[in-house]
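Novice: Structure for this input, please:
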Amino acid sequence: MKISKIFPKIKIEWASHFNPDGSRRKPDPSATHGWYVKWRGTFGGGEDLRNKGLKEIRDANRRSKEAKKKKAAARKFISTFKWP
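Specialist: Below is the predicted model of the structure:
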């Protein structure tokens, strides 16, 4: 017996997937999730899905670099005293 007959397509929507105004929340980009989506697109034959995975990987890397820059800028200490 096919599993699709036992369990028809069920869509589960968690409360955490929505913003307070009711709109859908888009999760932050993740390199791991992007790699998984790319993999599914590569072996499943979906070029558009593969491209979405690559875009998510790029976005995750860009976000990571921006966070590192922001952290380094916050760590920078500006002093009015000049050391010899």
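Novice: what about the residue most central in space within the chain, distance to residue 14?
Specialist: Residue closest to the average C-alpha location in the chain (C-alpha atoms, centre = their mean): residue 29, at 1.5 Å. According to C-beta to C-beta, to the nearest Å, residue 29 and residue 14 sit 19 Å apart. For every residue, glycine as well, the C-beta is placed using N, CA and C.
Novice: Pretty sure the residue nearest to the centre of the chain sits against residue 52.
Specialist: No: applying C-beta atoms under 8 Å as the test, residue 29 and residue 52 come out as separate, 10.7 Å apart.
Novice: So residue 69 versus residue 76, what's the distance?
Specialist: 11 Å.
Novice: So which of the two has more stuff around it?
Specialist: Neighbour count, other C-beta atoms under 10 Å: between residue 69 and residue 76, residue 69 has more, with 10 against 6.
Novice: distance between the longest helix along the chain and the chain's centre?
Specialist: Counting residues, the longest helix in the chain under DSSP state H turns out to be helix 47-75. Here the centre of helix 47-75 is set off from its chain's centre by 8 Å, with C-alpha atoms, centre = their mean, to the nearest Å.
Novice: What of stretch 25-41?
Specialist: With C-alpha atoms, centre = their mean, you get 6 Å for stretch 25-41.
Novice: buried stuff in it?
Specialist: Using 16 or more other C-beta atoms under 10 Å as the test for burial, stretch 25-41 gives 29, 31, 34, 37, 38, 41.
Novice: The longest helix of the chain packs against which elements?
Specialist: Counting contacts by 3 or more C-beta pairs under 8 Å, 6 or more residues apart in numbering; DSSP states H and E, helix 47-75 is packed against helix 31-44.
Novice: hmm, who's touching the helix it packs on?
Specialist: With contact meaning C-beta atoms under 8 Å, 6 or more residues apart in numbering, helix 31-44 is reached by 46-61, 64.
Novice: Going through those, which ones are buried?
Specialist: With neighbours counted using 16+ other C-beta under 10 Å, the contacts of helix 31-44 contain these buried positions: 50, 52, 53, 56, 57, 60.
Novice: and of the residues you listed, the nearest to residue 9?
Specialist: Checking those against residue 9 with C-beta to C-beta, the nearest one is residue 52 at 21.3 Å.
Novice: Many thanks, I have nothing further to ask.
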